[in-house]
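Colleague: Here's a sequence, model it:
(one chain, ligands or ions: 1)
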Amino acid sequence: MFLARLMGLKTTYVNRCRFIFLHLFCGLIIPFLTFSQSGNSQVKIDALVASMTLEEKVGQMTQINLEVILKKENGVIVNPIEIDTAKLREAILEYKVGSFLNNGRRAHSRNEWLEVITAIQTMALSSPSRIPIIYGIDAIHGANYSSGSALFPHQLGQAASWNPPLVKQIAQATAFETRSCAIPWVFSPIIDVGRQPLWSQFFETYGEDVFLTSTMGNAAVRGYQGENLSDGSSVAACVKHYVGYSAPLSGKDRTPVYMDERHLRETYLPPFERAIEQGVRSMIVNSGELNGIPSHANEYLLKTVLRDELNFEGVVLSDWGDIERLFTVHRVSANRKEAAEIAIKSGVDICMVPNDFVFCENLIALVNEGKISESSIDESVRRILRLKFDLGLFDNPITIPENADERFGGKAHLELAYQAAAESITLLKNEGNILPLSADKEILVIGPAANSLQYLNGPWSRTWQGTDSIISGESFETISSAIGSKSNNTNYILGCSEDSLINLPAVLEAAAKSDIIILCLGEEPSAEKPGDIHDLTISSSQQTLAKALINAGKPIVLVLVEGRPRIVSSFVDDCDGVIMAYQPGSSGGQAVADVLFGKINPSGHLPFTYPRYVNDLLTYDHKKSEEVDNYYGGNGYDPQWSFGEGLSYTSFEYSDFKVNTDTLRQGRKIVIEIKVRNSGSRHGKDVVQLYASDEVASITPPVKRLRSFEKIDLKANESKVVSFEIGEKELAFVNAQMNWVTEEGWFTLEIEGLKKRVYYRP
Ligand code: BGC
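Modeller: Model (predicted):
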């Protein structure tokens, strides 16, 4: 680069040449150095394992943070990143490390990724075993650690679309963009069921329902993995965090979960079972503890349930530093060596160490001392090598999809990001049809989320927490800039930060001059531990701002940009309209503006229950006893907005609810039909949601459960008959003996308030 600059060559030209060189190197030279994948891969894997030293095997079970092998100056990673060859040699030639992860604290261009991965693979192929590295990354709403990639809504928003084919397309686009950076493995999707809204990873879930989570999880896995992992544009998916991670009693990340096994099997395990049926190739373990047992030490869950019962044959990866934490935090081992012994014996295949090589030394010693058998090591290594083979890494460790240059961060993926944001945005209140807005009104756009790409993109956006200014340099619209480009009568002021009001007199003056106020509130991005909160209520400065604006007497549309439902009950009744935007990604500003002005007719529906009170976090599928207050009257279930809610600028009429028989026989199906008519004046989409209630059961039944759904698209006055087929499996629950059963008796089926009863007779 330096030489090229001296010679006066243009950077773009030099980049192009570097790129062509990398392509040639990856396409012609590297494959030459590798094993061929053709022939019987199992025979090859067995032969390879038989020829490997213990050190090589342990290295395959080790995953190291990229940061460890990057050049630093005064302890700071150089920018742009460069590999520290001595460190790389140490990792790969001395410790025989087989896997790397993460991004070295910031996003990189495709060129940088290709250089880094090429250097790593070249070193790996120069080792005696010549086994390619598998690189994994958190590409969780797009290839978020690659600069210039499309950023899709976070999973919670994706779930609000209730559109599984769209979620599959997002995963395909993410796979394509990740592979375009020569990375073949994504740590996504999260299929923890999000029933604890305080939890800082709530935004990463598909919400509170088991069926919706399983359906969306499967769509994502299918999208990532494609038909064939080695087709050059698919990646291996890694579902997480197995299992029960998302229900911490304290609401804080990585804190204890107390849950009986029946509940675990009925609510938290099914998405993992479905993903395994779908062929998911890997899984990350829950960082926390379940009933006092850290999940990395839970042999029952990792072996008996996962391997013997669910027949999972893929790779089990520890979470970040979590084997060490068995010693440092959970205190179930006296030192790191014992921690490694417990985790490997419990069933972990790869340790995401991530910052040193102590795990390698400890595991080698444990095998040499006879504490861990080499045959169990071989089993893990076989699984890891199988994944590498199936990804095509042995044929060519660097495969870049065709058209990567044009399609990476290109028009099609940006349009998909826009479509996803548009389909997720959920209209929750529209009093007096205040929306859509007319462009001739004086609009005040205000609030900490109004002019912020950080709020829109959320965490895991170029950096882990997504709070820095890197994202501001990208050419995406914020909500206020997108509104500004639609109407000349727009004024924007910040109004407040999350901590304090800013210039109240100016706020009131701006409010007085406006006809309508678009109040954009929510929460700054945060992920994992840094996202722990003590109170679900929206910050007090935002409440004060909202109340001051309400007192100003102008109509208000509240736009919520947040990753969990921050409580707004102290002022929301005085807002005329409410839009939930979630963290809608790079096209979110545009999509919010298009919803406000009616270019998009909103069709998102809440994938969780939005609480009204801090101490009332019931989900929609609560028990009857939680709903009826026998002593004092009133309704125990009183959320701000319930799961499944979502309005439209048109209206839908439901009628002709039919079931083809009132008796469901074992092994048979019933057909349920409903007619939906778009009775309003504009084209729109609705989500037809089928719920079932078990009227009497041996385990207290939830009041209802989502059993199927379909998103439909209707022109004004158009009608459609939607049908569902369900059998006893769709009505089952886990009984006291831990078996999925459907008990004889009556079930009530419900769609949009219409009901039918069906008798199940085994
Ligand atoms: C998170 C995982 C993530 C991993 C690697 C962990 O702290 O819990 O979800 O995949 O880090 O970045």
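Colleague: which residue does the stretch 251-400 of the chain bring closest to the ligand?
Modeller: Using Cβ to the nearest ligand atom, the closest approach of the stretch 251-400 of the chain to the ligand is made by W320 at 3.7 Å. Backbone N, C-alpha and C define where each C-beta goes, glycine included.
Colleague: Report how many residues lie close to that residue.
Modeller: 20 (other Cβ atoms under 10 Å).
Colleague: Does it touch R254 like I think?
Modeller: No: assessed by Cβ atoms under 8 Å, W320 is found out of contact with R254, at 10.1 Å.
Colleague: Give me the common contacts of the two.
Modeller: Common contacts of W320 and R254 (Cβ atoms under 8 Å, 6 or more residues apart in numbering): S287.
Colleague: need the residues of the stretch 1-150 of the chain near the ligand, please.
Modeller: Residues of the stretch 1-150 of the chain lying close to the ligand (Cβ under 6 Å from any ligand atom) are 102, 138.
Colleague: what residue ranges in the stretch 1-150 of the chain score low on pLDDT?
Modeller: Filtered on pLDDT under 70, the stretch 1-150 of the chain yields the residue ranges 1-39.
Colleague: Now do the phi/psi pair for the nearest residue to Y759 once chain neighbours are set aside.
Modeller: Using Cβ to Cβ, 6 or more residues apart in numbering and skipping residues adjacent in sequence, the residue nearest Y759 is T663, 5.0 Å away. Main-chain torsions, T663, degrees, to the nearest 10: phi -130, psi 120.
Colleague: Next: G148.
Modeller: Dihedral angles (degrees, to the nearest 10) for G148: phi 90, psi 0.
Colleague: residues near the closest residue to it other than its chain neighbours, how many?
Modeller: Among residues not flanking G148 along the chain, G409 sits closest, at 4.2 Å (Cβ to Cβ, 6+ apart). Using other Cβ under 10 Å, G409 is surrounded by 21 other residues.
Colleague: Help me confirm that G409 is found in a helix?
Modeller: No: looking at G409 with DSSP: H, G, I helix; E, B strand; the rest coil, it is coil, so not inside a helix.
Colleague: who's in contact with it?
Modeller: Neighbours of G409 in contact, by Cβ under 8 Å, 6+ apart: 148-150, 177.
Colleague: Let's have those in a markdown table, adding neighbour count.
Modeller: Listed next are the contacts of G409 as a markdown table, based on neighbours: other Cβ atoms under 10 Å:
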| residue | neighbour count |
| --- | --- |
| G148 | 14 |
| S149 | 29 |
| A150 | 29 |
| E177 | 28 |
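Colleague: Which one of those residues is nearest to A422?
Modeller: A150 (14.1 Å; Cβ to Cβ).
Colleague: That closest one touches L414, doesn't it?
Modeller: Yes: between A150 and L414 a contact is recorded at 5.3 Å, counting by Cβ under 8 Å.
Colleague: from memory E710 sits against V722, does it?
Modeller: Yes: under the criterion of Cβ under 8 Å, E710 makes contact with V722 at 5.4 Å.
Colleague: shared neighbours of those two, anything?
Modeller: Overlap of the contact sets of E710 and V722 (by Cβ under 8 Å, 6+ apart) consists of V688.
Colleague: Show me what from the stretch 201-350 of the chain comes close to the ligand.
Modeller: Contacts of the stretch 201-350 of the chain with the ligand, taken as Cβ under 6 Å from any ligand atom, map to 240, 284, 287, 319-320.
Colleague: Low-confidence regions, the stretch 651-762 of the chain specifically.
Modeller: Residues of the stretch 651-762 of the chain meeting the criterion pLDDT under 70: none.
Colleague: And the strands in it?
Modeller: Under the criterion DSSP state E, counting those that start in this stretch, the stretch 651-762 of the chain contains strands at 652-659, 663-665, 669-678, 684-694, 705-714, 719-727, 733-734, 740-741, 745-751, 754-761.
Colleague: ditto for the stretch 501-650 of the chain
Modeller: Here the stretch 501-650 of the chain has its strands, by DSSP E, counting those that start in this stretch, at 516-522, 556-561, 577-580.
Colleague: could I get those as TSV with mean neighbour count?
Modeller: Below are those laid out as TSV (neighbours: other Cβ under 10 Å):
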stretch	mean neighbour count
strand 516-522	27
strand 556-561	25
strand 577-580	26
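Colleague: I would like the residues contacting stretch 669-678, please.
Modeller: With contact meaning Cβ under 8 Å, 6+ apart, stretch 669-678 is reached by 650-661, 664, 684, 686, 688, 690, 712, 714-727, 749, 751-752, 754, 756, 758.
Colleague: my bad, stretch 485-505
Modeller: By Cβ under 8 Å, 6+ apart, stretch 485-505 touches 437, 439-448, 450-451, 477, 480, 483-484, 506-507, 510, 513-514, 523-524, 539, 541-542, 544-545, 548, 593, 597.
Colleague: CA atoms of it as CSV?
Modeller: Below are the C-alpha coordinates for stretch 485-505, written out as CSV (Å, rounded to 0.1, in the frame of the first residue of the first chain):
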residue,chain,number,x,y,z
SER,A,485,-37.3,14.9,3.3
LYS,A,486,-41.1,14.3,3.2
SER,A,487,-42.3,17.6,4.6
ASN,A,488,-40.9,21.1,4.4
ASN,A,489,-42.6,22.1,7.6
THR,A,490,-40.5,20.0,10.0
ASN,A,491,-38.6,21.1,13.0
TYR,A,492,-36.3,18.8,15.0
ILE,A,493,-34.9,19.3,18.5
LEU,A,494,-33.4,16.8,20.8
GLY,A,495,-35.5,17.7,23.9
CYS,A,496,-33.7,15.3,26.3
SER,A,497,-31.1,12.7,26.7
GLU,A,498,-32.0,9.5,28.6
ASP,A,499,-30.6,11.3,31.7
SER,A,500,-31.8,14.9,31.5
LEU,A,501,-34.0,17.4,29.9
ILE,A,502,-32.4,19.8,27.5
ASN,A,503,-33.5,23.4,27.2
LEU,A,504,-37.2,23.1,28.2
PRO,A,505,-38.1,26.7,27.1
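Colleague: May I see the buried residues of that stretch?
Modeller: 486-487, 490-496, 501 (16 or more other Cβ atoms under 10 Å).
Colleague: Tell me which of the residues you listed has the lowest pLDDT.
Modeller: Ranked by pLDDT, the buried residues of stretch 485-505 bottom out at S487 (89).
Colleague: Just confirm that one is within a helix.
Modeller: No: counting by three-state DSSP, S487 is not part of a helix but coil.
Colleague: What is the neighbour count of N635?
Modeller: So N635, with other Cβ under 10 Å, has 8 neighbours.
Colleague: Name the nearest residue to it, ignoring sequence neighbours.
Modeller: Spatially, and ignoring its direct neighbours in sequence, N635 is nearest to E627 (6.6 Å; Cβ to Cβ, 6+ apart).
Colleague: Report the contact partners of Y620.
Modeller: Y620 is in contact with 208-209, 609, 642-644, 704, counting by Cβ under 8 Å, 6+ apart.
Colleague: now with 6 Å?
Modeller: 609, 642-643 (Cβ atoms under 6 Å, 6 or more residues apart in numbering).
Colleague: these two touch, right, the residue nearest to N635 and S642?
Modeller: No: E627 is beyond contact range of S642, at 11.9 Å (criterion: Cβ atoms under 6 Å).
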